[in-house]
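Engineer: Next one to model:
(one chain, ligands or ions: 1)
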Amino acid sequence: MKRYSVFAVAREAARYHTGWERAWRKAEPKKKYDVIIIGGGGHGLATAYHLGKRFGIKNVAILEKGWLGGGNTGRNTTIIRSNYLQDPSAALYEKSRSLYETMSQDLNYNVMFSPRGVIMLAQTHHEVRGYQRTAHANALQGVKTEWISPTRVKDLVPIMNIAGPRYPVLGGLWQARGGTARHDAVAWGYARACSDMGMDVIQQCEVTAVRREGGKVVGVDTTKGAIDCDKLGIVVAGNSGHVAGLAGFRLPIESVALQALVSEPIKPCMDVVVMANTVHGYLSQSDKGEMVIGGGTDGYNNYTQRGSFHHIEETVRALIETFPMLSRLKMLRQWGGIVDVTGDRSPILSKTPVENVFINCGWGTGGFKATPGSGWAMAELIAKGHGPLTDAFGLERFREGRFIDESVAAGVAH
Ligand SMILES: Cc1cc2nc3c(=O)[nH]c(=O)nc-3n(C[C@H](O)[C@H](O)[C@H](O)COP(=O)(O)OP(=O)(O)OC[C@H]3O[C@@H](n4cnc5c(N)ncnc54)[C@H](O)[C@@H]3O)c2cc1C
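Structural biologist: Okay, the predicted model is just below:
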């Protein structure tokens with residue numbers, strides 16, 4: 001595949017852009033693969049990429065029932081940070097954040113990583129204690145974060161009202177190298193790199209059954225026919241319970257809709273990401289000028305990939321005390337995705353009761369930031385059967401009571 005570069009852009013400009021090739025090949029399924037990955041979201045594609053890059057396993061197919069990134073990958077609010085509380089989470093999310101730093105160069109694809117900084121606002125005394133504790137934990141884990149005063153928060157975000165009557169800003173947990181990236185580009189960049197390694201990226205191909213023999217996986221049935229495989233990775237986010245059911249096991253997971261919206265575009269007014277967990281909203285400004293605003297999950301389990309007005313109204317109403325200027329903006333679009341939430345709000349990267357079937361799910365409302373790290377770790381799990389970043393995240397932790405409780409860092413926050 002031809003490399004993207006400034007020279008390529010100049011060459012194509014001179015010939016009216018007639019020479020660009022497809023970013024990835026249109027593939028039809030072969031009869032058999034060493035590894036099949038179900039799910040063409042960021043995590044599935046990153047897993048395939050690292051299987052090829054780190055372990056030389058390239059006879060791989062990625063099967064996607066819709067279009068690449070059409071699940072949560074293309075629906076999130078793109079916040080990237082690694083300021084989690086527990087050691088296994090901090091290790092995984094920090095690995096991921098560090099991979100974002102070089103992702104555009106590694107993939108030769110501009111994913112527009114923007115380490116503009118993320119503030120998690122403390123608006124209750126309970127949050128002050130919680131975030132100060134996280135800052136101390138992060139210092140021990142080697143994750144660079146700091147506790148900042150309300151004045152510093154105001155310096156960073158002049159449009160904020162820090163003296164709100166109900167929830168004044170009492171400080172914040174600041175991660176200067178957190179930020180955002182272009183979510184579709186992450187999926188497309190990985191797909192291009194996978195295709196370049198000879199892997200088959202197959203869209204419009206839904207897995208409808210998982211075939212097993214003697215407790216071991218032998219292949220899958222799909223809307224494009226039966227395909228055999230030696231190993232299978234299930235990386236389907238909100239559809240995890242359903243696809244695990246096809247493979248014959250159950251997951252401790254709930255699927256719920258999570259919603260977001262963007263405002264009309266306005267001039268640049270905020271150059272960091274802000275999360276306000278007490279009032280339950282988070283926002284950043286996109287390169288186009290839209291205020292990107294995320295809210296909470298639905299209060300009941302469902303598989304609806306759509307928004308609903310009452311939720312959006314709640315989120316905006318809550319944010320207006322801290323960001324009064326939002327009351328003057330018109331809403332441009334709203335949408336929803338299905339997120340997969342575990343009891344301890346930590347992901348599952350694990351072997352399963354079916355031999356050679358591996359599962360990656362449970363990222364809930366906050367897995368975009370984990371995309372490259374999850375792919376890195378999951379590839380190791382599939383190739384070697386274990387790995388330092390995945391060992392703590394196995395399914396057995398729910399049976400053994402070894403929870404990785406991130407409900408404060410990840411319950412609704414991103
Ligand atoms: C509104 C919203 C805001 C969010 N904001 C953030 C944020 O700011 N920061 C953050 O870190 N995270 C955020 N998240 C969470 C994040 O988007 C997800 O955790 C992450 O994108 C999950 O990626 P994935 O690749 O596992 O899943 P997906 O991108 O959902 O990919 C799974 C794919 O599997 C496919 N699939 C399902 N079943 C089958 C089948 N049977 N056969 C074939 N294919 C199948 C689906 O079509 C889908 O494309 C947000 C999520 C939402 C919905």
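Engineer: contacts, neighbours, all on C-alpha from now
Structural biologist: Noted.
Engineer: my read: Asp271 touches Gln285, true?
Structural biologist: Yes - look at Asp271 against Gln285 with CA atoms under 8 Å: they come within range, at 6.9 Å.
Engineer: between these two, who's got more neighbours?
Structural biologist: Gln285 (23 against 16; other CA atoms under 10 Å).
Engineer: do you know how far the more buried one is from the ligand?
Structural biologist: 12 Å (CA to the nearest ligand atom, to the nearest Å).
Engineer: Which of the three states applies to the residue nearest to that residue when sequence neighbours are not counted?
Structural biologist: Excluding its sequence neighbours, the residue lying closest to Gln285 (CA to CA, 6 or more residues apart in numbering) is Met291, at 4.5 Å. Going by DSSP: H, G, I helix; E, B strand; the rest coil, the secondary structure assigned to Met291 is strand.
Engineer: Can you tell me how far Met291 is from Pro268?
Structural biologist: 10 Å (CA to CA, to the nearest Å).
Engineer: What of Ser407?
Structural biologist: 33 Å.
Engineer: Give me the neighbour count for Gly117.
Structural biologist: Other residues within reach of Gly117, judged by other CA under 10 Å, total 20.
Engineer: With Gly56 instead?
Structural biologist: Neighbour tally, Gly56, other CA under 10 Å: 12.
Engineer: Got phi/psi on it?
Structural biologist: When read as degrees, to the nearest 10, the backbone of Gly56 gives phi 70, psi 20.
Engineer: Which pLDDT value belongs to it?
Structural biologist: On the pLDDT scale, Gly56 is placed at 98.
Engineer: With Thr278 instead?
Structural biologist: 86.
Engineer: Could I get the contacting residues of it?
Structural biologist: 122-124 (CA atoms under 8 Å, 6 or more residues apart in numbering).
Engineer: can you do 10 Å?
Structural biologist: By CA atoms under 10 Å, 6 or more residues apart in numbering, the contact list for Thr278 reads 121-124, 127, 167, 318-319, 412-413.
Engineer: quick revisit: more neighbours: Met291 and Pro268, which one.
Structural biologist: Met291 (24 against 13).
Engineer: What distance do you get for the residue nearest to Gln285 to Pro324?
Structural biologist: For Met291, the distance to Pro324 - CA to CA - is 13 Å.
Engineer: pretty sure Asn161 contacts Phe323?
Structural biologist: Yes - assessed by CA atoms under 10 Å, Asn161 is found in contact with Phe323 at 6.1 Å.
Engineer: quick check, Ala137 in a strand?
Structural biologist: No - when three-state DSSP is applied, Ala137 is found to be helix, with no strand at that position.
Engineer: which one is it nearest to, not counting chain neighbours?
Structural biologist: Leu85 (6.3 Å).
Engineer: Contacts only, for the one you found.
Structural biologist: By CA under 10 Å, 6+ apart, the neighbours of Leu85 are 130-131, 133-138, 141, 404-410.
Engineer: Identify the residue with the minimum pLDDT among these.
Structural biologist: Scoring the contacts of Leu85 by pLDDT puts Ala410 last, at 53.
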